[in-house]
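Peer 1: Sharing a model prediction with you, sequence too.
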Amino acid sequence: QVQLVESGGGLVQAGGSLTLSCAASGRTFSSAAMGWFRQAPGRKREFVVAINWSGSSTYYADSVKGRFTTSRDNAKNTVYLKMNSLTPDDTAVYYCATGPYGTIVTGAASYWGQGTQVTVSS
């Protein structure tokens, strides 16, 4: 059983930054691709970024490209999402997920975390 626990969400002003973390357990994290998704109220879940097992390959949604950066520390079984230049449109619940890399970039995943709320005030 895979467990993913996100943290780091909160309230931030527009233009500010936040870093989310996702701690994984229950499987070989270092061989698994990871991804971040988000869901705003009344909207469908949206793919944000995927990172492969080594961190050598990433794929970002156009909406966050240049503002968000993902990374991972396999020694700590943790993946990160650094979010800069936040806008109110970035307000959503952010979910960490794992699964095949090719699946994550299409918007699906095998396992999901419980999510962490990010609210950006104008």
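Peer 2: Noted; the coordinates are in hand. Residues are numbered from 1 along each chain as shown.
Peer 1: Could you tell me which residues within the helix or strand harbouring L81 count as buried?
Peer 2: Per DSSP states H and E: L81 is located in strand 78-83. Residues of strand 78-83 classed as buried: T78, V79, Y80, L81, M83 (neighbour count, 16 or more other C-beta atoms under 10 Å). Where C-beta positions appear, they are placed from N, C-alpha and C, glycine not excepted.
Peer 1: Buried residues, the lowest-mean-pLDDT helix or strand in the chain. List them.
Peer 2: Among the helices and strands of the chain, helix 101-104 carries the lowest confidence by mean pLDDT, DSSP states H and E, at a mean of 92. By neighbour count on 16+ other C-beta under 10 Å, the buried set for helix 101-104 is Y101, T103, I104.
Peer 1: Tell me where this structure is predicted with low confidence.
Peer 2: For the chain, no stretch is flagged by pLDDT under 70.
Peer 1: What segments of it are strands?
Peer 2: For the chain, the strands defined by DSSP state E occupy 3-7, 10-13, 18-25, 33-39, 46-51, 58-60, 68-73, 78-83, 92-99, 111-112, 116-121.
Peer 1: residue closest to the middle of the chain?
Peer 2: W36 (2.5 Å; C-alpha atoms, centre = their mean).
Peer 1: Tell me how many other residues surround the closest residue to it other than its chain neighbours.
Peer 2: Once flanking residues are discounted, W36 sits nearest to V48: 4.2 Å by C-beta to C-beta, 6 or more residues apart in numbering. Around V48 there are 24 other residues, counting by other C-beta atoms under 10 Å.
Peer 1: Same check on the one 5 residues further on?
Peer 2: Counted with other C-beta under 10 Å, the neighbours of W53 add up to 16.
Peer 1: show me what contacts it?
Peer 2: S30, S31, A32, A33, N74, Y101 (C-beta atoms under 8 Å, 6 or more residues apart in numbering).
Peer 1: Quick one: residues contacting the second one.
Peer 2: S31 makes contacts with W53, as judged by C-beta under 8 Å, 6+ apart.
Peer 1: try the fourth one
Peer 2: Contacts here follow C-beta under 8 Å, 6+ apart; on that basis A33 touches A50, I51, N52, W53, T98, G99, P100, Y101, I104.
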